[in-house]
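1. Coordinates for the following, if possible.
(one chain, ligands or ions: 1)
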Amino acid sequence: MRFVADKMLGRLTKWLRIIGQDVTYGPHLSGYGLIRTARREGRLILTRDRSVVKKNPPDYLLIQSDQFREQLKQVILACRLDPLKNALTRCVECNTLLEPIPKEAVQEKVPPYVFSTQERFSFCHGCQRIYWPATHQQKMLEELKVLGF
Ligand SMILES: [Zn+2]
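-> Numbers count the residues shown, from 1 in each chain. Model (predicted):
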């Protein structure tokens, strides 16, 4: 399942990407921009904007809450996502799938403490960011626990 999120849903977008979901997001994505992208790319619309519903959109999910935790819970339940299955496989910032990168290759690019304490790293070819599991994983598991997953 692929998503396009309206511009009010930045934090939700981040969290959906953390659990590995493919989410297009950007400042141009509201109203008809949202609908065009959804049609062109075959994505489910996530929106807080009730007026989108009147514009004859393709499939959409009207997000009920202002709180990102409730929003995330709504999407996970409505779309029957498994939040742990593909977690941490996608860049949170640009939506690109991450690829493993050998430890030797990141020595100059991550803080020394991280280099000496981490063994596995991933790389985003979209924005050149380097990821390592520790901090992200811990935070993610805590959040999902709050949500009851
Ligand atoms: Zn990226």
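
2. these two touch, right, Ile19 and Val92?
-> No - applying Cβ atoms under 8 Å, one finds Ile19 not in contact with Val92, separated by 10.4 Å. Every residue, glycine included, has its C-beta placed from N, CA and C.

3. Which one of the two is surrounded by more residues?
-> Ile19 (23 against 18; other Cβ atoms under 10 Å).

4. Which pLDDT value does the model give that one?
-> On pLDDT, Ile19 comes in at 91.

5. quick one: low-confidence parts of this structure?
-> Applying pLDDT under 70 to the chain flags the ranges 135-136.

6. tally of neighbours for the residue nearest to Tyr32 when sequence neighbours are not counted?
-> Leaving aside its sequence neighbours, Tyr32 sits nearest to Lys55 (Cβ to Cβ, 6 or more residues apart in numbering; 6.5 Å). By other Cβ under 10 Å, 12 other residues sit near Lys55.

7. for Asp49, same thing?
-> There are 19 residues near Asp49, going by other Cβ under 10 Å.

8. For His28, see how far away it is.
-> 14 Å (Cβ to Cβ, to the nearest Å).

9. check contacts around the residue nearest in space to the middle of the chain.
-> For the chain, the residue sitting closest to the mean C-alpha position, by Cα atoms, centre = their mean, is Arg17 at 1.7 Å. Arg17 sits next to Val23, Arg90, Cys91, Val92, Asn95 when contact means Cβ atoms under 8 Å, 6 or more residues apart in numbering.
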